[in-house]
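sharing a model prediction with you, sequence too.
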Amino acid sequence: MRRFILSFMLLFLLLCAGCGSAKGQSENVTVNSAVEQGSSEENAGEIMLSSEEDSEAGNHGAGAQNVPEEDDIPDTALSSEGDPEAENHDDAMAQEDASEWEDHVLLTREVHLADGRTFTLEVVGKKRRERHYGVSEVRVYDGDMLIQTVFVAEGIVAHERDLFSEEYIERIMPGISEELTVDEINTLSEDMRYTDCWSIEDTVEVLDLNFDGNADFGLFGWAPNNTIPYYYWTWDEEEEQYRYIGILQGAKLDPEAGEVACDYKWDSMGRYATDYFRPDENGDLWMDRREIEDWNNILGWEYPELEVWVPQEGEQIPISPFLDSNGTLVLVRREIPVTEVRKDGVHYFLEIWELNDGVLQMTSREEYVYE
């Protein structure tokens, strides 16, 4: 009789187990264990009690936790759904993130002119990729009146023309004229229309590049393995607008000397160049000289070997990065550190060679103490 009752109860449990796959799997494991062990009626009763408790908790599968009442859920776990203020905040954040990737005003700068006027520059651009921001245009305002829009493409295309032949330019930018139009700019690739800078604050710098009392500005070009190049625009008093003049790297102003020094790495062999520019009466910058320091001289570490190059007579060289010294510049001076080993020890000399009658000649040789 006991075996009959036990078998009936086990059959009833197995039928109930078919209603829920996950719970049924758990019960079957328990029931099978009871059968294999020859459980008593008390064990069967315990099985039934466990099964009823599981049913009341809900059919959530093996190992599921009891679902808390809604009042027991902390506020931090609640969804923003149904909360108008929270939903509006989420929408605003999404729109703000999306707007970063479209053209908008990144920042503004005030510029002061020699005649006392103050203009506002609106630097327009967008986030191009993570931690990279590009400028596409600069809007110049006199009060509330827009007086000029400067397009970055003007500088980028001009730089490409400096580097490559017209045939190549026509191949990569077909139909682009010398005087860029807005329609032509819109046909260019994004890389030809935007700068590339690692932060918004560094996208623009304001300075008086040609010492005429008018504020000029430069745009961070890109990040090479070298000094950062900037595209520069200077204020043209006659035209009453900003005019693109070229690229300079690491421009440092010396108002007393009236010159702009630009430092950059010349090559990968330990040579560094500094180009010096001076403005003319129209505010245009022309190269005055180039100094190249060579620190790859293993015989004298106190001084680098120095070369000074100047434009050929009658030549005017505008701002032009990566200009080769050969052909357009003339070597006029060399400073060479020399090491001599003598019986009384090692001696160090600095030789000065200067251009005389078209030939470099040594004009001095002075000994120095190497420390």
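In hand now; what should we look at?

which residue ranges form the helices in the chain?
Under the criterion DSSP state H, the chain contains helices at 2-17, 21-36, 41-57, 84-100, 152-163, 166-172, 182-186.

tell me the mean pLDDT over the longest strand belonging to the chain?
Secondary structure of the chain read by DSSP state E shows that its longest strand is strand 329-342. Strand 329-342 shows a mean pLDDT of 92.

again, but for stretch 226-242
95.

related to what we said a few turns ago, what are the pairing partners of the longest strand of the chain, and which direction each?
Strand 329-342 pairs in its sheet with strand 305-311 (antiparallel), strand 345-356 (antiparallel), by DSSP bridges.

which residue, other than its chain neighbours, is closest to residue 218?
The spatially closest residue to residue 218, leaving aside those adjacent along the chain, is residue 230, at 3.6 Å (C-beta to C-beta, 6 or more residues apart in numbering). Where you see a C-beta, it was placed from the backbone N, CA and C, and this is true even at glycine.

contacting residues for residue 362?
Contact analysis of residue 362 by C-beta atoms under 8 Å, 6 or more residues apart in numbering lists 351, 352, 353.

hmm, residue 290 is touching residue 276, no?
Yes: with contact defined as C-beta atoms under 8 Å, residue 290 counts as touching residue 276 (7.4 Å).

measure residue 117 to residue 111 for me?
Using C-beta to C-beta, to the nearest Å, one gets 9 Å for the distance from residue 117 to residue 111.

quick one, which of these two is more surrounded?
Shown here are residue 117 and residue 111; by other C-beta atoms under 10 Å, residue 111 has more neighbours (19 against 11).

which ones are touching the more buried one?
Counted by C-beta under 8 Å, 6+ apart, residue 111 has contacts 118, 119, 120, 121, 206, 215, 216, 217, 235.

so which of those comes closest to residue 180?
Comparing the contacts of residue 111 against residue 180 with C-beta to C-beta places residue 217 closest, at 18.9 Å.

show me what that closest one is bridged to.
Beta-bridge partners of residue 217, as defined by DSSP bridges: residue 206, residue 233.

so it versus residue 109, what's the distance?
Residue 217 is 7 Å from residue 109, by C-beta to C-beta.

what's the overlap in contacts for the two?
Common neighbours of residue 217 and residue 109 (C-beta under 8 Å, 6+ apart) are 121, 204, 206.

out of these, which end up buried?
121, 204 (16 or more other C-beta atoms under 10 Å).

follow-up on the earlier one: report the contact partners of the residue nearest to residue 218.
205, 218, 219, 220, 221, 247, 248, 249, 251.

so where's the stretch 251-371 of the chain uncertain?
Counting by pLDDT under 70, the ranges of the stretch 251-371 of the chain that qualify are 297-302, 321-327, 371.

domain boundaries for this structure, per the record?
2-61, 102-249, 251-371 (automatic domain parsing).

the first one - what's its average pLDDT?
Which is domain 2-61. 44.

rewinding a little: return the most buried member of the strands paired with strand 329-342.
With neighbours defined as mean count of other C-beta atoms under 10 Å, the strands paired with strand 329-342 peak in mean count at strand 305-311, which reaches a mean of 19.

sorry, back to before: show me which of the shared contacts of residue 217 and residue 109 is closest to residue 153.
residue 204 (16.2 Å).

any idea how far residue 197 is from residue 141?
From residue 197 to residue 141 the distance is 22 Å (C-beta to C-beta).

repeat that for residue 257.
From residue 257 to residue 141 the distance is 34 Å (C-beta to C-beta).

these two: which is more packed in?
More crowded of residue 257 and residue 141, by other C-beta under 10 Å: residue 141, with 15 against 11.

bridged to the more buried one, which residues?
Beta-bridge partners, per DSSP bridges, of residue 141: residue 120, residue 146.

got a list of what it touches?
Counting by C-beta under 8 Å, 6+ apart, residue 141 makes contact with 119, 120, 121, 122, 147.

the second one - how many residues pack around it?
By other C-beta under 10 Å, 15 other residues sit near residue 120.

I figured it hits residue 109, correct?
Yes: between residue 120 and residue 109 there is a contact under C-beta under 8 Å: 7.5 Å.

need the strands for the stretch 201-350 of the chain, in chain order.
204-207, 216-220, 229-236, 241-249, 251-254, 259-265, 271-279, 285-294, 305-311, 329-342, 345-356 (DSSP state E, counting those that start in this stretch).
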